[in-house]
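Peer 1: Dropping the sequence and predicted coords here.
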Amino acid sequence: MSNEKVLKDLQNAILKYDSEAAVNAAKAAISAKMDPLVAIEKGLVPSIEQIGAKFEKMEIYLPELMLAADAMKSALVLLLPLIPKGAKGAKATVVIGTVQGDVHEIGKNIVSSMLMANGFNVVDLGVDVKTINFIDEAKKNGAKVIGASALMSSTIGSQKDIVDYLAASGDRRKFAVLVGGGPTTKEWAKEIGADGCGMDAIEAVKLAEKFSKGR
Amino acid sequence: MVQILDVMDKALNGKPMSETDYQLRLFAPKVQEKVKEYKIKYDPNNPVPSDNSLADDLFEAGLELLVDVGAYCTSSGRIISYTESEIKQALKDAPSRLHFGEGRDRKSLVHRNVEDKTPPWCLLGAGGGACSSDRSFLTLVEGYAEIPETNAITTPAITRVSGMRVRPASPLEVLAAMRNAVLAREACNRVGRQGIPIMNSLATAESDIAFAAALHPKFGMRPSDGYMICCMDPMKVDFARLNKATVALSLGGAIGMCFGPLIGGYSGGPEGTAVSNVAHHMMGILTYQASWLLPFPLHLRYVASSPRDMVWLVAASSQAINRNTHLLSINLNYTTAGPCTPMCLFETSATVTAAVVSGHSIECLGVATNKHEDRTTPVEPRISAEVGHAVAGMKRSEANVLVKGLLAKYESKLSAPPLGKGLYECWDPDTRRPTKEYRGVIRKYKSAMADLGVDLKPEM
């Protein structure tokens, strides 16, 4: 299969929200000995960026965004391990989740998908994530950024716990902590010593980019 | 009749499915299928539609959606399915009248029809918005209880206990929920409305343990209050929420399920979200054992209910429910703009008008997207209630003209709304009145409303 055809298949798989097609196209790229960075940057990324732009304009909605991100993730699982560590172009990793005691996931899912759409390697821990799990997973995955979402005024206190735990354990400098969700504000982020507050998914991505190489 | 044990049986023995598959591969495409099948179409020129066939199609689409996808239990990872006959029986069995409150504040929440002259039930307050201190909580609830139109209170949420920020499912949340109950009653007592019901019991209790703990009678909650349990979007439940339902039922409390499908979320655009909103009503009386409903559909981008497509959604889905059932449903609205701005008052007026002429009662309100601590006052719910009473009985076609006039005043500013002023900057807790500046804003707003054909009470 020609490289051109492989790239086209990767692009179409994302645009059609098709995880199975994305896996097949990634396998084809590997068989064709295509540079995995090229497969990602010229195959997957342009399409997922298109999807992100359409979502921002509300031309498509959350299900399409998440299905496209799922397809992207399916292909990345195969391609990312083939990229040499530290290679130019390798994207930063963000660990993201909804904080302990909070099971709301929509905001977190949007940011997670939009980060992926902007080329980040996203480790999504789901909802009701214990403070220590954010930190353990960030260390395990070599993440520079921790994203903590909370929807309720009774649960945003858990965002502070992440910052405090990092400070108390001497790891604060290693990770940028970004917060977001219903009751979070920039003032709140400042008050608890977080590195930023994404008032929407676009701002969250910009902040992740700012801290992608560390604090 | 589906009861709580039946719900558990279904939750434990229903079809297994992952949460992702349920919401992305079952719920989302089925919603769009119903939109297509019933040719549901959002009409921006008619934010308050008068089309009965649209309302009836929305009802059928919502009913079919629930039959096709059921609810989803995240604790068991299974679908809770309902047959069409179970749903229709539940609709038939649901109450069309409920009593809340005590003594002279005991009133009836009744079903309203489209264009009904009966004033809406006014559940007034902060809709669970965050407040910074016990002082703010008391100031706000006293103010809400003094509004003449108030039938019931929706309190703010307490965020701190003795200076410590609440942590979920911890002793801090348990204590905060108990404090929520005690202070709400105390505030009503202070202004002589001892019997008024608290209907968002309990705003501070996100966890089931905090909810159950604060219902001990010594904290002042009564069976005549309203017990609100929030549904996870889309149509999801977990054992913690079913625990809350079981506890509330054991006290003889009337459960209200609140739910907020998002335009731009799992249901797609305004049409799909309207179908989802209708389906959630029916899901609530079955899964959450609700006897009243509290929809608060929101716009994903603006986190408010005042954009044009949101107003259409509120009107169309309310008409669908009220033309085809006798359910008790109360629409909660959010504004983008904050206190002491005309925009905030115009926004709430538009959504309240759409809901009331379409047969719903009102919960008012989340101010400035309900995001900021102490950025709400008793003025915004009072004005909302005055509008609700003024438009009761209005024809939908007249309401459509009114809402278009209101939209013209704020629509262009939705992306960068003014946040206005904080509680103590525009409300005087000692005189229990808005500041001179805010009174001026209200007078100008009321004059503009008069120009649009709605005469509200003169502002003192």
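Peer 2: Yep, that arrived.

Peer 1: give the contact list for residue B:307.
Peer 2: Counting by C-beta atoms under 8 Å, 6 or more residues apart in numbering or on different chains, residue B:307 makes contact with B:263, B:299, B:411, B:414. For glycine as for every other residue, the C-beta is placed from the backbone atoms N, C-alpha and C.

Peer 1: Pull out the buried members of those.
Peer 2: Among these, the ones that count as buried by 16 or more other C-beta atoms under 10 Å in any protein chain shown are B:263, B:299, B:414.

Peer 1: mind checking the SS state of the residue of chain A found nearest chain B?
Peer 2: Nearest residue of chain A to chain B (C-beta to the nearest C-beta) works out as residue A:101 at 2.3 Å. Secondary structure assignment for residue A:101 (DSSP: H, G, I helix; E, B strand; the rest coil): coil.

Peer 1: how close does the residue nearest to it when sequence neighbours are not counted get to residue B:451?
Peer 2: Nearest non-adjacent residue to residue A:101, counting by C-beta to C-beta, 6 or more residues apart in numbering or on different chains: residue B:168, 2.3 Å away. Separation of residue B:168 from residue B:451 (C-beta to C-beta, to the nearest Å): 48 Å.

Peer 1: Work out for me the element residue 189 sits within.
Peer 2: If you meant another chain, say so; for now it's chain A. Using DSSP states H and E, residue A:189 falls within helix A:186-192.

Peer 1: if you could check chain B rather than the one you did, that'd help
Peer 2: helix B:171-190.

Peer 1: Specify the beta-bridge partners of the most centrally placed residue in chain A.
Peer 2: The residue lying closest to the centre of chain A (C-alpha atoms, centre = their mean) is residue A:122, at 3.3 Å. Note on residue A:122: beta-bridge partners by DSSP bridges are residue A:94.

Peer 1: wait, doesn't it sit right on residue A:92?
Peer 2: No. Counting by C-beta atoms under 8 Å, residue A:122 does not reach residue A:92; the two are 10.0 Å apart.

Peer 1: returning to what we had before: please point out which parts of the helix holding residue B:189 sit buried.
Peer 2: Judged by neighbour count (16+ other C-beta under 10 Å), helix B:171-190 contains these buried residues: B:172-185, B:187-188.

Peer 1: So for residue 6, what's the pLDDT?
Peer 2: As the question left the chain open, I've gone with chain A. At residue A:6, the model reports a pLDDT of 95.

Peer 1: my bad, the chain I had in mind was chain B
Peer 2: We have a pLDDT of 97 for residue B:6.

Peer 1: Check the burial of it by counting its neighbours.
Peer 2: Neighbour count for residue B:6, taken as other C-beta atoms under 10 Å in any protein chain shown: 15.

Peer 1: you'd agree it is in a helix?
Peer 2: Yes. Under three-state DSSP, residue B:6 falls within a helix.

Peer 1: Okay, it and residue B:235: tell me how far apart.
Peer 2: Shown here: residue B:6 relative to residue B:235, a distance of 17 Å by C-beta to C-beta.

Peer 1: Start and end of stretch B:368-387, how far apart?
Peer 2: End-to-end span of stretch B:368-387 (C-alpha to C-alpha, to the nearest Å): 19 Å.

Peer 1: And chain A, is that stretch touching that?
Peer 2: Yes. Judged by C-beta under 8 Å from any C-beta of the partner chain, stretch B:368-387 and chain A are in contact via B:370, B:371, B:372, B:373.

Peer 1: hmm, who's touching stretch B:6-23?
Peer 2: Stretch B:6-23 is contacted from outside by A:63, A:66, A:70, B:26, B:69-70, B:72-82, B:234, B:236-237, B:239, B:242, B:266, B:286-287, B:289, using C-beta under 8 Å, 6+ apart.

Peer 1: Got the confidence number for the nearest residue to residue B:220 once chain neighbours are set aside?
Peer 2: Closest residue to residue B:220 apart from its sequence neighbours, by C-beta to C-beta, 6+ apart: residue B:185 at 3.8 Å. Here the pLDDT value assigned to residue B:185 is 96.

Peer 1: you'd agree residue B:317 is in a strand?
Peer 2: No. Applying three-state DSSP, one finds residue B:317 to be helix, outside a strand.

Peer 1: so it touches residue B:296, yeah?
Peer 2: No. With contact defined as C-beta under 8 Å, residue B:317 does not count as touching residue B:296 (11.9 Å).

Peer 1: show me the contacts for residue 199.
Peer 2: No chain in the question, so chain A it is. By C-beta under 8 Å, 6+ apart, the residues touching residue A:199 are A:180, A:185, A:186.

Peer 1: wait, I meant chain B there
Peer 2: Shown in contact with residue B:199 (C-beta under 8 Å, 6+ apart): B:100, B:123, B:152, B:153, B:154, B:225, B:226, B:228, B:256, B:363.
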